[in-house]
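Novice: quick check, what structure comes out for this input:
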Amino acid sequence: MHRNDQMKLGLFLAQAGYHEGAWRDPEVPARGGVDVEHYAGLLALAESAAFHFVFLADSPAVAEQDDAVLARVGRNDGFEPITLLSALSSRTKHIGLVATATTTYYEPYHLARMFASLDHLSRGRAAWNIVSSGLKFEAPNFGETELPEHDARYVRAREFVDVVKGLWDSWEDDAFIRDKKSGIFVDTTKLHVLHHQGDFLSVRGPLNIARPPQGYPVLVQAGASDTGMAFGAELGEVVFTAEPSLENGKRYYASLKGKARALGRDDDEVLIMPGIVPIVGRTQQEASEKLQRLQSYTHEEVLIGTADRWLGFVADLRSINLDSLVPETLPQTNFIQSRQKVLLDLARRRNLTWRELIRLVSDSRGHLMVVGTPDEIANTMVNTFDQRAADGFNVMPPTVPGGLKEFIELVIPELRRRGKFRLGYSGATLRDNLGLKRPPNRFRQAVVSRA
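Specialist: Sure thing, here's the model as predicted:
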């Protein structure tokens with residue numbers, strides 16, 4: 001398998017930073033979540049460093065169930081991602097724009113139209129992080145009492161993505177001729193009405209916007225359960241995962257690439273980019289002190305509430321002896337199964353108590369966290385990349401803008417010195433910069449195949 005010897009880098013952009021205590025840091029803007037200038041400044045930093053994309057997570061719900069936790073978290077006052085990235089598309093030139101949107105509670109026509117619009121607004125830099133809803137409080141916001149079952153959500157998601165791609169193919173690339181002299185705006189022989197009737201969805205089409213500049217916005221997927229991996233192998237072009245163990249990461253990488261290969265996809269059509277939380281210090285002691293300071297900002301109620309959510313609401317953490325060891329298994333959750341598995345595996349390998357695991361969830365949510373000097377962080381990233389546990393990373397600064405600036409100023413030069421990260425942008429679209437092919441129009445391809 002040929003692979004470019006330079007890693008891909010995305011910026012996972014939380015409004016205050018990835019650490020649970022980040023919003024209390026004196027250098028973090030308190031109103032950053034609803035300040036477009038805050039985000040514009042962060043994207044300018046990332047673009048100046050040649051990050052491939054910025055990644056915005058999302059959930060259409062408040063995740064906390066207890067007021068004691070809700071009162072102390074800093075994430076429930078922020079923009080909807082597609083809206084925000086549409087605003088920022090005119091203030092950036094090169095960086096990719098990844099927005100998360102759920103297949104469980106959107107309708108495909110709405111979503112296809114919004115992402116096509118974002119791709120046109122940004123001249124080919126849009127990407128869709130495809131998720132099925134995984135938080136218990138999403139369902140009641142859409143007229144349901146419970147989320148659909150985990151595997152059923154993925155079945156709907158597969159059909160949903162196929163419909164969205166079909167809508168993006170409503171018009172061939174050169175359908176809109178806009179000829180003022182003849183009075184013909186569009187060549188209707190190049191129009192394709194979807195007429196989809198499926199198990200979950202019924203959508204006629206066509207989409208009322210031209211085919212996106214990239215053909216399809218880049219398809220990003222984040223799931224590591226067995227069902228999630230199968231979905232990623234089939235449809236994902238960038239796969240975002242949580243994997244703090246090098247050996248497990250190598251197994252995941254080999255397994256997912258193998259599944260994709262079995263479906264007729266080339267290895268370079270599926271980019272695996274795990275998350276990394278870099279706590280950067282000019283010395284090891286400085287890095288450790290930064291983490292300890294962030295930990296001091298995080299109230300015990302928030303620690304417990306965050307761990308409860310990521311473990312899937314299957315254990316009563318307030319009644320457990322926190323100094324006892326975490327068991328090897330917990331009841332299976334109907335929420336984010338892959339993250340529960342990652343966290344339990346971490347607890348088992350490190351022999352963690354509940355108190356230690358709860359702290360770890362607040363620090364990193366189970367992602368790879370490296371607390372150290374720029375050289376140490378770069379070494380970890382290069383080793384993970386070289387040993388084929390990653391094609392790149394979704395960088396998750398603990399605070400912004402400070403943690404992002406430190407990564408750009410101190411770690412990226414080390415990666416470049418090792419020849420592992422690029423100096424600038426080389427392509428016009430996000431697909432170009434990631435080395436991904438532009439997909440053909442399915443209807444045009446069918447016509448050519450029959451000819």
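
Novice: by contact count, what packs against the lengthiest helix in the chain?
Specialist: Using DSSP state H, we find that the single longest helix of the chain is helix 150-168. Packed against helix 150-168, as judged by 3 or more Cβ pairs under 8 Å, 6 or more residues apart in numbering; DSSP states H and E, are the following elements: helix 108-121, strand 126-131, strand 196-197, strand 202-203, helix 226-235. In this view, the C-beta of every residue, glycine as well, is placed from N, C-alpha and C.

Novice: mean neighbour count, these: which tops it?
Specialist: Among these, strand 126-131 has the highest mean neighbour count (mean count of other Cβ atoms under 10 Å), at a mean of 26.

Novice: pLDDT weak spots in this structure?
Specialist: Residues of the chain that meet the criterion pLDDT under 70 lie in 1-2, 447-451.

Novice: strands along that one, start to end?
Specialist: Using DSSP state E, the strands found in the chain span residues 8-12, 53-56, 96-102, 126-131, 176-179, 184-186, 196-197, 202-203, 218-221, 238-241, 271-280, 368-372, 392-395.

Novice: give me the buried positions along the third one.
Specialist: In this case it means strand 96-102. For strand 96-102, burial by neighbour count (16 or more other Cβ atoms under 10 Å) applies to 96-102.

Novice: of these, closest to Ala222?
Specialist: Distance to Ala222, by Cβ to Cβ, is smallest for Thr100 among the buried residues of strand 96-102, at 8.1 Å.

Novice: how near is the closest residue to Pro206 other than its chain neighbours to Arg350?
Specialist: Leaving out its chain neighbours, the residue that sits closest to Pro206 by Cβ to Cβ, 6 or more residues apart in numbering is Ser170, at 3.4 Å. Ser170 is 51 Å from Arg350, where distance means Cβ to Cβ, to the nearest Å.

Novice: what about these two, which has more around it?
Specialist: Ser170 (23 against 13; other Cβ atoms under 10 Å).

Novice: what are the phi and psi angles of the more buried one?
Specialist: Main-chain dihedrals, Ser170, degrees, to the nearest 10: phi -50, psi -40.

Novice: just to revisit the earlier point, just flag the most distant two among the buried residues of strand 96-102.
Specialist: Gly96 and Thr102 (20.2 Å).

Novice: can you give me the buried ones in stretch 283-303?
Specialist: 287, 290-291, 294, 297-299, 301-303.

Novice: next, format these as CSV and append distance to Ala57.
Specialist: As requested, the buried residues of stretch 283-303 are exported to CSV (distance: Cβ to Cβ, whole Å):
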residue, distance to Ala57
Ala287, 25
Lys290, 23
Leu291, 22
Leu294, 19
Tyr297, 21
Thr298, 19
His299, 22
Glu301, 22
Val302, 18
Leu303, 20
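
Novice: max pairwise distance over these: which two?
Specialist: The widest separation within these (Cβ to Cβ) is 26.9 Å, between Ala287 and Glu301.

Novice: thinking again about what came up before, now the angle from the longest helix of the chain to helix 108-121?
Specialist: Interaxial angle, helix 150-168 versus helix 108-121 (axes from the mean of the first three to the mean of the last three Cα atoms, to 10 degrees): 50 degrees.

Novice: in helix 150-168, which residues are buried?
Specialist: Neighbour-count burial for helix 150-168 flags 150, 153-168 (criterion: 16+ other Cβ under 10 Å).

Novice: to the chain's geometric centre, what's the distance from that helix?
Specialist: Averaged C-alpha coordinates place helix 150-168 at 18 Å from its chain's average position (Cα atoms, centre = their mean, to the nearest Å).

Novice: so how many other residues sit close to Arg388?
Specialist: 16.

Novice: am I right that it is in contact with Tyr252?
Specialist: No: between Arg388 and Tyr252 there is no contact under Cβ atoms under 8 Å: 10.5 Å.

Novice: name the nearest of the buried residues of strand 96-102 relative to Leu85.
Specialist: Leu97 (4.2 Å).

Novice: how about the strands of the chain in JSON lines, adding distance to Ser426?
Specialist: Shown next, in JSON lines, are those (distance: least, Cβ to Cβ, whole Å):
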{"stretch": "strand 8-12", "distance to Ser426": "12"}
{"stretch": "strand 53-56", "distance to Ser426": "14"}
{"stretch": "strand 96-102", "distance to Ser426": "13"}
{"stretch": "strand 126-131", "distance to Ser426": "17"}
{"stretch": "strand 176-179", "distance to Ser426": "29"}
{"stretch": "strand 184-186", "distance to Ser426": "33"}
{"stretch": "strand 196-197", "distance to Ser426": "37"}
{"stretch": "strand 202-203", "distance to Ser426": "37"}
{"stretch": "strand 218-221", "distance to Ser426": "16"}
{"stretch": "strand 238-241", "distance to Ser426": "17"}
{"stretch": "strand 271-280", "distance to Ser426": "16"}
{"stretch": "strand 368-372", "distance to Ser426": "27"}
{"stretch": "strand 392-395", "distance to Ser426": "15"}
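
Novice: quick one: which of these is nearest Leu45?
Specialist: When the strands of the chain are compared by Cβ to Cβ, strand 8-12 sits nearest Leu45, at 8.7 Å.

Novice: okay, now the sheet partners of that closest one, with direction.
Specialist: strand 53-56 (parallel), strand 392-395 (parallel) (DSSP bridges).

Novice: can I get the first one in PDB, CA atoms only?
Specialist: Included here for strand 53-56 are C-alpha records, laid out as PDB according to Å, rounded to 0.1, in the frame of the first residue of the first chain:
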ATOM      1  CA  PHE A  53      -9.700  20.800   8.500                       C
ATOM      2  CA  VAL A  54     -11.600  22.100  11.500                       C
ATOM      3  CA  PHE A  55     -14.000  19.600  13.100                       C
ATOM      4  CA  LEU A  56     -17.100  20.700  15.100                       C
END
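
Novice: which residues are contacting it?
Specialist: 10-13, 42-43, 46, 81, 84-85, 95-100, 125, 127, 129, 220, 240, 394, 430 (Cβ atoms under 8 Å, 6 or more residues apart in numbering).

Novice: one more time with 7 Å, if that's ok
Specialist: For strand 53-56, contacts defined as Cβ atoms under 7 Å, 6 or more residues apart in numbering pick out 10-13, 43, 46, 81, 84-85, 95-100, 127, 129, 394, 430.
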